[in-house]
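*Asks:* Just need the structure, nothing else, for what follows:
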Amino acid sequence: MTINMEILILIIFIALVVQLVVEAIKVLFKAIGKDWSSNRLSFKWLTKVFTSALLSMFWTILLCFAAKAGIFEGFGFMLVWPILDYVVTGILASLGAGKVYDLFVSMRDYKDKLAIEKTTTVSVIPPPVELGGIATTTKI
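*Replies:* The predicted model follows:
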């Protein structure tokens, strides 16, 4: 399993950018909502819509498509449909850069644990027997 760090860093970057953009939009619509406080023209519903998880998810999926950044590809797994990889990556990245980083650290730790298990496996190989010799076995 080869890990493509460029793709993984790009995914964290996308998550961070969308997180900051959604925060900026939230501030913008709160300011508009204060200025337009009449009963007819209320923008309070815009704040709820544009700052929701749905907006974050939409933007991260769109950016993952544009950048061709897929988490499965980043960890060395190729899916039959790369579109699915971009959608899953966008959904995960919409949770925020911190959550994506925690996922990457967990995967790295798991990979390190697998590498340690592979190197500590003990295998017993019987000694070679010369032609015409008799093989002896010892019980332990």
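*Asks:* Where in the chain is the helix or strand with the lowest mean pLDDT?
*Replies:* Ranked by mean pLDDT, DSSP states H and E, the weakest helix or strand in the chain is helix 44-50, scoring a mean of 62.
*Asks:* After that one, which helix or strand is next?
*Replies:* Using DSSP states H and E, the helix or strand that follows helix 44-50 towards the C-terminus is helix 53-67.
*Asks:* I'd like the next helix or strand past that next one.
*Replies:* Downstream of helix 53-67 (by DSSP H and E), the next one is helix 71-74.
*Asks:* Could you give the number of residues near residue 30?
*Replies:* The number of residues packed near residue 30 is 14, by other Cβ atoms under 10 Å. The C-beta positions use only the backbone N, C-alpha and C, and glycine is treated the same way.
*Asks:* In three-state terms, how would it be classified?
*Replies:* Using DSSP: H, G, I helix; E, B strand; the rest coil, the three-state assignment for residue 30 comes out as helix.
*Asks:* what about this structure, any weak spots by pLDDT?
*Replies:* 1, 32-52, 118-140 (pLDDT under 70).
*Asks:* just the strands in it please.
*Replies:* Using DSSP state E, the chain contains no strands.
*Asks:* May I have the residues that are in contact with residue 96?
*Replies:* When contacts are counted by Cβ atoms under 8 Å, 6 or more residues apart in numbering, residue 96 touches 15, 19.
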